[in-house]
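Asks: Predicted model follows, preceded by the sequence.
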Amino acid sequence: MTAPFRRIAVLDIGKTNAKVVVLDAESGAEIAAVKIGNAVLRDGPYPHYDIDALWNFAIEALTGFAAAPGFDAVSITTHGACAALLDADGILALPVLDYEHPYDPAIRAEYLSLRPDFSETFSPSLSAGLNLGAQLHYQKTAFPDAFAKVATILTYPQYWAFRLTGVAASEVTSLGCHTDLWLPRSAAYSPLVDRIGIRSRMAPLRSAFEALGPISAEIAEAIGIGAEIPVYCGIHDSNASLLPHLIGRSAPFAVVSTGTWVVSFAVGGDMDHLDPGRDALANVDAYGRAVPSARFMGGREFEVLTKTIGEIPPEAAEQALAGVVERGLMLLPNVVPGSGPFPGRTMRWLNDEGATASERSAAASLYLALMTQSCLDLIGAGGRILVEGPFALNRIYVAALAALTGLDVVALPGSTGTSLGAALLTGIVPKTAPAHLQEPSPLPSLSRYRDLWIAGARA
């Protein structure tokens, strides 16, 4: 059960999609992948994830990959703001709650009186269940009989490790992502775990880099694996994107992890002036260190905009860009309310009379770059900016981010860095760096456009 390994299978569960991939240990490249949508079920006590469908998908994928190309270790990464509540038999005592579920305002008001101050947790008060502590308080308050049966609380990546190994664990990257449950600077549970009476139920803390055990004999037989295959503890997905850059790189630098959420990390940034009212916070990296961060729901926003505008070829948007900047056609926040650096704002277009779909598409990419720059400013980002995930393929976004920040921006194309980061937990050291995306032609000056956009966003 020790490295080096040749191929790593990664279970990667994002908010929108779930996938299982196999990575080559030498190159870090994905050599096989399958994906499904991550459905939210509306039956039961509240909206919840389709755990059975995800499990069946994972087992089917691992079965196929056991035959070809093969794998000799498993790692896991998932979205945050999520926990699994198990009874004494290791069965879910309550469904795994969808963090976008808005719940009883009276319960939320009670929770706000319990949660520690931002100066302790570096966790802002967020909407719905985006604070994991709020979820747990809601479940305990609204469903006391079911919650009384909870014996073990696991952070989400570690739930899937438990399903594969039978070993229960929690881990700091998931505990440290705006949960209200963790003190990043002292690396300890916050007072909230005692205020809501869950300390004894929290699964033991284990390192993300630790192999929890082999795949259980029953599951190994089902998927057709003869040898013992170690399963690593796992990691929160945005921190998985950060991890490859923490290895061998000196501060300061920033990583922008794009997916459903766009999460910006400023390694060596400003921990002392974070504004919780603008969705700035501290995350905790795989080594247990606090990292200033800021975020907005950029991937979801782009999805909403694409449904409205339509699918536009990148070249058409790029050709329209100069005209968009010249006329000041812009989109102001927020497409998706409830998070980000400009809370409480309602989406609106400026100077959009007669705008074509290509022009709106170009303006949407500029909007995403401006939102990202605002996040980076909030956390004192400096040095090189590395863009991970789908937005790395958006040439307007990449070029605009470079122009807006005045910093060197490197786009890492292809799949998200989450899978590679999870694979690195096994101790592999890929020798081949991923190719950088070629940027488009230099943009016209964005200084006037940026000033107008910021004024509009703040109005």
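Replies: In hand now; what should we look at?

Asks: which ones are touching Val263?
Replies: 238, 241, 256-257, 283, 293-295 (CB atoms under 8 Å, 6 or more residues apart in numbering). Any C-beta I mention is one placed from the backbone N, CA and C, and that applies to glycine too.

Asks: ditto for Gly44
Replies: Gly44 is in contact with Pro95, counting by CB under 8 Å, 6+ apart.

Asks: about what we covered before: redo the contacts of Val263 as a markdown table? Include neighbour count, pLDDT and distance to Glu301.
Replies: Formatted as a markdown table, the contacts of Val263 follow (neighbours: other CB atoms under 10 Å; pLDDT from 0 to 100; distance: CB to CB, whole Å):
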| residue | neighbour count | pLDDT | distance to Glu301 |
| --- | --- | --- | --- |
| Ser238 | 34 | 89 | 17 |
| Ser241 | 30 | 89 | 19 |
| Val256 | 28 | 95 | 15 |
| Ser257 | 26 | 90 | 15 |
| Asn283 | 26 | 96 | 21 |
| Ser293 | 31 | 97 | 18 |
| Ala294 | 29 | 97 | 15 |
| Arg295 | 28 | 95 | 12 |
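
Asks: Go ahead and confirm Pro124 touches Asp279.
Replies: Yes: counting by CB atoms under 8 Å, Pro124 touches Asp279, with 6.2 Å between them.

Asks: More neighbours: which of those two?
Replies: Asp279 (25 against 21; other CB atoms under 10 Å).

Asks: domains in this structure, as residue ranges please.
Replies: Following automatic domain parsing, one gets these domains for the chain: 7-233, 239-458.

Asks: now do the same end-to-end measure for the first one.
Replies: Start to finish, the residues bounding domain 7-233 are 17 Å apart (CA to CA, to the nearest Å).

Asks: Averaged pLDDT, that domain. What do you get?
Replies: Domain 7-233 carries an average pLDDT of 97.

Asks: Just give me how far it sits from the chain centre.
Replies: Counting by CA atoms, centre = their mean, to the nearest Å, domain 7-233 is centred 13 Å from the centre of its parent chain.

Asks: Tell me, how many residues neighbour Lys431?
Replies: 9.

Asks: which ones are touching it?
Replies: 26-27.

Asks: Could you say which helix or strand holds it?
Replies: Lys431 is part of no helix or strand when elements are defined by DSSP states H and E.

Asks: Could I get the pLDDT score of it?
Replies: The model's pLDDT for Lys431 equals 76.

Asks: Pretty sure Arg81 sits against Ser127.
Replies: If you look again at residue 81, you'll see it is Ala, not Arg. No: applying CB under 8 Å, one finds Ala81 not in contact with Ser127, separated by 10.8 Å.

Asks: Looking at these two, which one has more neighbours?
Replies: Ala81 (24 against 15).

Asks: okay, now the closest residue to that one other than its chain neighbours: neighbour count?
Replies: Of all residues not flanking Ala81 in the chain, Tyr99 sits nearest, at 4.0 Å (CB to CB, 6 or more residues apart in numbering). Tyr99 has 22 neighbours, counted by other CB under 10 Å.

Asks: Just the ones in strands from the contacts of Val263, please.
Replies: Of those, the ones assigned to strands by DSSP state E are 256-257, 283, 293-295.

Asks: Throw those residues into TSV and include distance to Pro444, thanks.
Replies: Compiled in TSV, the ones in strands among the contacts of Val263 are given as follows (distance: CB to CB, whole Å):
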residue	distance to Pro444
Val256	23
Ser257	28
Asn283	35
Ser293	31
Ala294	27
Arg295	29
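
Asks: does the nearest residue to Arg201 once chain neighbours are set aside sit in a helix or strand, and which one?
Replies: Excluding the flanking residues, the one nearest Arg201 by CB to CB, 6+ apart is Ile153, at 4.9 Å. Using DSSP H and E, Ile153 sits in strand 152-155.

Asks: Other residues contacting that strand?
Replies: Contact partners of strand 152-155, identified using CB under 8 Å, 6+ apart, comprise 82-86, 90, 136, 162, 168-171, 174-175, 198, 201-203, 236.

Asks: Report the buried residues of stretch 41-53.
Replies: For stretch 41-53, burial by neighbour count (16 or more other CB atoms under 10 Å) applies to 41, 46-51.

Asks: What segments of the stretch 151-300 of the chain are strands?
Replies: 152-155, 182-183, 188-189, 211-214, 230-232, 235-236, 253-258, 262-267, 280-284, 290-296 (DSSP state E, counting those that start in this stretch).

Asks: chain center to the longest one, what's the gap?
Replies: Right, the one you point to is strand 290-296. Strand 290-296 sits 11 Å away from the centroid of its parent chain (CA atoms, centre = their mean).

Asks: when you give positions from now on, start the count at 412
Replies: Happy to do that; since the first residue is 412 now, the last one works out to strand 701-707.

Asks: Note down every partner strand of it and its orientation.
Replies: Sheet pairing of strand 701-707 (DSSP bridges) gives strand 673-678 (antiparallel), strand 691-695 (antiparallel).

Asks: Filter the contacts of strand 563-566 down to the buried ones.
Replies: When those are checked for burial by 16+ other CB under 10 Å, the buried set is 493-497, 547, 573, 579-582, 585-586, 609, 612-614, 647.

Asks: quick one: Ser704 from Trp672, how far?
Replies: Ser704 sits at a distance of 11 Å from Trp672 (criterion: CB to CB, to the nearest Å).

Asks: what's the span of stretch 678-694, first residue to last?
Replies: One end of stretch 678-694 to the other measures 11 Å (CA to CA).

Asks: quick one: low-confidence parts of the stretch 712-861 of the chain?
Replies: Scanning the stretch 712-861 of the chain for pLDDT under 70 picks out 825-827, 843-853.

Asks: how about the helices in it?
Replies: Taking DSSP state H, counting those that start in this stretch as the criterion, the stretch 712-861 of the chain carries its helices at 725-738, 768-789, 806-816, 829-835, 858-869.

Asks: Just the CA trace of the shortest one, in PDB.
Replies: Read it as helix 829-835. Extracted in PDB, the C-alpha atoms of helix 829-835 (Å, rounded to 0.1, in the frame of the first residue of the first chain):
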ATOM      1  CA  THR A 829      -9.100  18.700  -9.100                       C
ATOM      2  CA  SER A 830      -8.400  15.200 -10.300                       C
ATOM      3  CA  LEU A 831      -4.600  15.800 -10.500                       C
ATOM      4  CA  GLY A 832      -4.600  17.400  -7.100                       C
ATOM      5  CA  ALA A 833      -6.400  14.400  -5.600                       C
ATOM      6  CA  ALA A 834      -4.000  12.000  -7.400                       C
ATOM      7  CA  LEU A 835      -1.000  13.800  -5.800                       C
END
